[in-house]
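Asker: Here is the input, now give the coordinates:
(one chain, ligands or ions: 1)
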Amino acid sequence: MRLFKFLRKFFFKPSFDIKIFSKKNLFEILKIVNKVGFSRFTVNEISFDLPDFKKVIVIAPHPDDEVIGAGGTIIKLIKKKCNVKIIYMTSGRLNEKEIREQELKRVCNKLGVKNHIIGGVANQKLFGSKIIAQIIEDFKPNVILMPFILDDNDDHRKTHLQFKAALKILPKANYKRKITVWSYQIYGPLIVNKVIDISDIISRKEALIKNYKSQFRSRDWAHYTSGMNAWNSRFLNKKKTKAWAECFFVQSIIEYENFFKDIFTNQSD
Ligand SMILES: [Zn+2]
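Answerer: As a prediction, the model looks like this:
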């Protein structure tokens, strides 16, 4: 087994592997997060509305992140006639590419997402920044949904490197300045300033997650997600009934770029 691991490392060296936290230890990262000054008791900027956006891009490092992190919100956006495009940064690992692409297509169909694009390979090569920049420039979204920058998964964090590089490529056009980034929650806690009540559609969200059958070999992701969304309902004023919510950290592009710079100090701007 050890020999296999060694050989695998030797022959399948990832072409895109950056130790993004190499110059910061966890304590320093926490100090940065603390600088934001978030507390659910001190931040009175939590909002609960879902505006009528015309165009939204969802960036999912792996097929299933989009529904786990923001499935309920995507359902609500589409109900409001929003044009949603999903960028899948990978279609999972190389050996599961085919099945996961079938699964994600089924999910897009059920969601009513007509536009999606599929990128690279998990743990190896994510979608490149040039393609992301081109998609943003062509589509001109109001909002970009993506996992939180400190989410506990390498591909999720690396997605931010590609996204930030894409922002650098984009011209400083007016539309770019109006974009807001909504970071969604997968593996870890999140700084929360936007809460979307999804109690009325939680069973639809669970059913969507169950389309990713290949992922259920490791965990029952529908169960985990509905638990996470139930816990998030502490932000809602529904103490006597069962409720579910998706949480986001919303930033303007400028706020996002400054936050990124603080976190990825070993990256050139
Ligand atoms: Zn993922």
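Asker: Residue 95: how many residues sit nearby?
Answerer: For residue 95, the neighbour count with other Cβ atoms under 10 Å is 8. Every C-beta, even on glycine, is put in place using the N, C-alpha and C of the backbone.
Asker: 59 is where my numbering starts, stick with that
Answerer: Sure, I'll start counting at 59 from here, so that last one is residue 153.
Asker: if I've got this straight, it is in a helix?
Answerer: Yes: using DSSP: H, G, I helix; E, B strand; the rest coil, the assignment for residue 153 is a helix.
Asker: give me the residue from the stretch 109-258 of the chain nearest the ion.
Answerer: Per Cβ to the ion, residue 120 is where the stretch 109-258 of the chain lies closest to the ion, at 3.6 Å.
Asker: Now for that residue, how many residues are close by?
Answerer: Residue 120 has 27 neighbours, counted by other Cβ under 10 Å.
Asker: now residue 108: how far from residue 227?
Answerer: Distance of residue 108 to residue 227, given as Cβ to Cβ, to the nearest Å: 30 Å.
Asker: So which of those two has more stuff around it?
Answerer: Each of residue 108 and residue 227 has its neighbours counted (other Cβ under 10 Å); residue 108 has more, 16 against 13.
Asker: From what I see, the more buried one and residue 254 are in contact.
Answerer: Yes: counting by Cβ atoms under 8 Å, residue 108 touches residue 254, with 5.7 Å between them.
Asker: Identify the contacts common to those two.
Answerer: Residues touching both residue 108 and residue 254 (Cβ atoms under 8 Å, 6 or more residues apart in numbering): 131, 134.
Asker: For the stretch 59-208 of the chain, give me the ranges with low pLDDT.
Answerer: For the stretch 59-208 of the chain, the stretches with pLDDT under 70 are 59-102.
Asker: what does it have sitting close to the ion?
Answerer: Contact residues, the stretch 59-208 of the chain versus the ion (Cβ under 5 Å from the ion): 119, 120, 123.
Asker: for the first one, what are its contacts?
Answerer: If you count contacts by Cβ under 8 Å, 6+ apart, residue 119 has them with 147, 148, 180, 184, 205, 211, 213, 214, 216, 217.
Asker: Next: the last one.
Answerer: The contact partners of residue 123, taken as Cβ under 8 Å, 6+ apart, are 205, 214, 244.
Asker: how close does it get to residue 288?
Answerer: If you measure residue 123 against residue 288 using Cβ to Cβ, the figure is 19 Å.
Asker: on that earlier part again, what kind of secondary structure is the residue of the stretch 109-258 of the chain closest to the ion in?
Answerer: Under three-state DSSP, the three-state class of residue 120 is coil.
Asker: Could you do residue 143 as well?
Answerer: strand.
Asker: can you give me the helices in the stretch 159-308 of the chain?
Answerer: Per DSSP state H, counting those that start in this stretch, the stretch 159-308 of the chain carries helices over the ranges 187-197, 212-227, 232-236, 260-267, 279-290.
Asker: Also compute the angle for the first one relative to helix 212-227, please.
Answerer: In this structure, helix 187-197 runs at an angle of 60 degrees to helix 212-227, with axes from the mean of the first three to the mean of the last three Cα atoms, to 10 degrees as the basis.
Asker: ok, the closest residue to residue 146 other than its chain neighbours - contacts?
Answerer: Nearest residue to residue 146, sequence neighbours excluded (Cβ to Cβ, 6 or more residues apart in numbering): residue 176, at 4.7 Å. By Cβ under 8 Å, 6+ apart, the contact list for residue 176 reads 146, 148, 149, 159, 162.
Asker: before we move on, the earlier item: and the helices of the stretch 159-308 of the chain, which one averages the lowest pLDDT?
Answerer: Averaged per stretch, pLDDT over the helices of the stretch 159-308 of the chain is lowest on helix 232-236, reaching a mean of 81.
Asker: what's the spacing between it and its chain's center?
Answerer: 21 Å (Cα atoms, centre = their mean, to the nearest Å).
Asker: got it, and stretch 299-307?
Answerer: Remark: stretch 299-307 is offset 16 Å from the chain centroid, using Cα atoms, centre = their mean.
Asker: List of residues touching it?
Answerer: So stretch 299-307 is contacted by 127-131, 203, 206, 240-243, 248-257, 260, 263, 284, 287-288, 290-291, 293-294 (Cβ under 8 Å, 6+ apart).
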